[in-house]
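**Student:** Based on what follows, work out the 3D shape:
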Amino acid sequence: MISSSRRLFASSILSTARGLIGKGKQTGQDKVTGLFGNDLLKTAQGFAALTEQVKAKCGPLLERIEKGDKERTRVQLVDDLSNELCIAADLAECVRNLHSEPEMAKAAEMAIRELYTLLETLNTYQPLYENLKLSKETEKERLNEVDLRTLDLLVEEFEQSGVHLPDKEREEFVKISGEIFDAGVTFESGCDRNVEVGKSEKATFKLDSRLVSPVSHSSSRDKRKYVYNQFMKHSDEQESSLRKLITARHSLAKLTGFESYAHRSQKNSLLGSYENAHDFLWGLIQRIRPSAERELAVLSDVLHQCDHKSTRVGEWDLFYLTEMYKKSAFGSVPSSVLTQFVTLGNVLRGFGRITQSLYGVTFEQRIPLSGEMWEGAILKLLETGIWQSPVIVLSLNLIPQPNGASISSIPITMKAAENIFHELGHAMHSFLGRTIHQHVSGTRCPTDHAEIPSTLMEYFFYDINVTKSSPFSCSLHSLKVMQKTLCTTDGKSIDIKDAATVIASENALSSLNIVHQASYALFDLELHSPQVSESFINGKVSSTQILNRILSRALPNVERDEWTAYQHRFHHLIPYGSKYYSYLVAKASASLIWRNHFHADPYNREAVSTGIEYPRCQCLIRLVLPHLEYML
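**Tutor:** Take a look at the predicted model:
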């Protein structure tokens, strides 16, 4: 199937951070090149030209596929066709999401919509499918093992797109695919909306006129409750967009012969089926819940100390009480220490040390050419080697330093540092996970596979060997990676006790977090399942009721308002679509890999050079649950 892998731009990424601060908007004539080095994209009008260029290149490729070619096999030509579409579609998707100029972002959105229609039209183009399928026999002498595996995957993905259906149904597939795209764009645009505050509440709680976050650091429980519930309040507009999305996805699944979209999405996944995914998530919740309830009891004690009248922890209390508990249990690392060591530059350099030790890969910083990126703070990194082919973009929301200081010196939170390691793990996956076909290279693989290398990098960042009883009971060896990561340019490293405190604090109360994440994953899965999706589509139940039922069963002792709607802020419903559980499978799988290969020696290059065998679906569930418990 011709597919634009949005995973590359939603999760992996490599432009970010420093130094080229824009001094005003440039015109197309001022620019040396266009976006990402494409000369067509000096102005917004260039996206229309890019789309036409892609169409022009697709025609001759289709002709070569249908007639046959002496120089390239059909699987290579289909991969070339996929590459032409993906290069343009992924670039446009990145610009649509990140560009600072509305005109550019809108032009990119128009381009991606047109490219998406072309992509799905080709996915249902029978001559393309038939010629590719036939080539397994007619060109078998020219095909190696990788060719055959790629060919089988392409044929299977064509069939999943309904290429075998009659003309009318194939036209319907393309139409529904467009409806899915439009509904997803509309829903995502509402996920980050601000919320107006009424005059009386503004005066009572001393709030700004708009809420931009559900989190309040106030000691007033009434204020925390108002902020959380108001920000997370059920939205009729978001509910309508979500219903359109689920309706279209369900129709697409039924059209292509699947019981539901949840069933369709599990093809080639590690868990293998909707039933396995469902059992995995409920099994995880049941297994972790006792630990989560103990953590909840700890927070309940903290709440009682803050407010003697309150006995039950609410959703609005969780963040505040967690921070209170961490300060009490582990103390606080002085802010001067964190701002010295936990900076963007130190984290990027630390990541580079790991990749050099494990893979022999180093990075060089380059200044982007004029026009290559949009105005703002940009850091361009290049992998120093002959294989520089993926272009990867990492977008961070950072607070600029005053007085023109380098963006590399910006202090960041430990959570942001962890996220950088995760996302650059996707980048390394794209750099190193190469095959002769781009369609199956790097992160162009099933979602749960794609999240494992990136999640493994989180283990390298934290080097998790800290026991629960004391933040200082770890050995020097156990914090080797952390100390090498949080190291300044003059060679100073974060103190081992400070590092241990940070690690212990960051990983405290993780059972509650896992149960919440499993609950959201279960909601995502069930919303796309046969019975629940049809009830939701027909208006018999709201998405808010579905989520609250799951949360009430998973964590019955957490107080919540029946009309809070976390799912209306849940971006992951768009790119993941019934596979949000991939993070949990990847977390458990990464834990398994870490313990077996890197726990004793984080710089074990032998494990990297010889490869790591991964368990298949039959034994995965049995293996991963204990490793999720190990993380706690």
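**Student:** Quick one: residues contacting Glu239.
**Tutor:** Neighbouring residues of Glu239 by Cβ atoms under 8 Å, 6 or more residues apart in numbering: Ser542, Ser543, Thr544, Ala565, His568. (Glycine included, C-beta is placed from N, CA and C.)
**Student:** Could you point out which residue ranges in the stretch 201-350 of the chain have low pLDDT?
**Tutor:** Low-confidence regions of the stretch 201-350 of the chain, defined here as pLDDT under 70, do not occur.
**Student:** actually the stretch 1-150 of the chain, not the one I wrote
**Tutor:** 1-29.
**Student:** can you map out the strands along it?
**Tutor:** 15-16 (DSSP state E, counting those that start in this stretch).
**Student:** need the contacts of Glu239 in TSV with neighbour count, secondary structure and distance to Leu252, can you?
**Tutor:** Listed next are the contacts of Glu239 as TSV, based on neighbours: other Cβ atoms under 10 Å; DSSP: H, G, I helix; E, B strand; the rest coil; distance: Cβ to Cβ, whole Å:
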residue	neighbour count	secondary structure	distance to Leu252
Ser542	19	coil	22
Ser543	23	helix	19
Thr544	22	helix	24
Ala565	22	coil	25
His568	24	helix	23
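**Student:** Any figure for the gap between Ser177 and Phe47?
**Tutor:** 20 Å (Cβ to Cβ, to the nearest Å).
**Student:** Check the separation of the first and last residues in stretch 428-439.
**Tutor:** Start-to-end span of stretch 428-439 (Cα to Cα, to the nearest Å) is 17 Å.
**Student:** Now do that stretch: distance to the chain's middle.
**Tutor:** 18 Å (Cα atoms, centre = their mean, to the nearest Å).
**Student:** what is the rounded mean pLDDT of that stretch?
**Tutor:** In this model, stretch 428-439 has a mean pLDDT of 84.
**Student:** And that stretch, what's buried?
**Tutor:** Under the neighbour-count criterion of 16 or more other Cβ atoms under 10 Å, stretch 428-439 has Met428, His429, Ser430, Phe431, Leu432, Gly433, His437, Gln438, His439 buried.
**Student:** Verify the contact between the second one and Ala450 for me.
**Tutor:** Yes: the pair His429 and Ala450 qualifies as a contact (Cβ atoms under 8 Å) at a distance of 7.0 Å.
**Student:** Find the residues that touch each one of the two.
**Tutor:** Residues touching both His429 and Ala450 (Cβ under 8 Å, 6+ apart) are Thr443.
**Student:** Pick out whichever of Ser177 and Phe47 has more residues nearby.
**Tutor:** Neighbour count, other Cβ atoms under 10 Å: between Ser177 and Phe47, Phe47 has more, with 28 against 21.
**Student:** What residues does the more buried one make contact with?
**Tutor:** With Cβ under 8 Å, 6+ apart, Phe47 has these contacts: Leu40, Leu41, Ala92, Ala107, Ala108, Met110, Ala111.
**Student:** so of the buried residues of stretch 428-439, which ones are in helices?
**Tutor:** Of the positions in those, Met428, His429, Ser430, Phe431, Leu432 sit in helices, assigned by DSSP state H.
**Student:** would you list those residues in CSV and tack on distance to Leu119?
**Tutor:** What follows is these, written out as CSV (distance: Cβ to Cβ, whole Å):
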residue, distance to Leu119
Met428, 27
His429, 23
Ser430, 20
Phe431, 25
Leu432, 27
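**Student:** can you tell me which of those lies nearest to Val185?
**Tutor:** For these, the residue nearest Val185 by Cβ to Cβ is Ser430; the value is 24.9 Å.
**Student:** Give me the spatial nearest neighbour of that closest one, chain neighbours excluded.
**Tutor:** The shortest distance from Ser430 to any non-neighbouring residue, by Cβ to Cβ, 6 or more residues apart in numbering, is to Gly442 (3.6 Å).
**Student:** Give me the neighbour count for the one you found.
**Tutor:** Neighbours of Gly442 under the rule other Cβ under 10 Å: 25.
**Student:** just to revisit the earlier point, go through the contacts of Glu239 and say which is closest to Pro602.
**Tutor:** His568 (40.5 Å).
**Student:** residues in contact with that closest one?
**Tutor:** With Cβ under 8 Å, 6+ apart, His568 has these contacts: Gly190, Cys191, Met232, His234, Ser235, Gln238, Glu239, Leu242, Ser543, Thr544.
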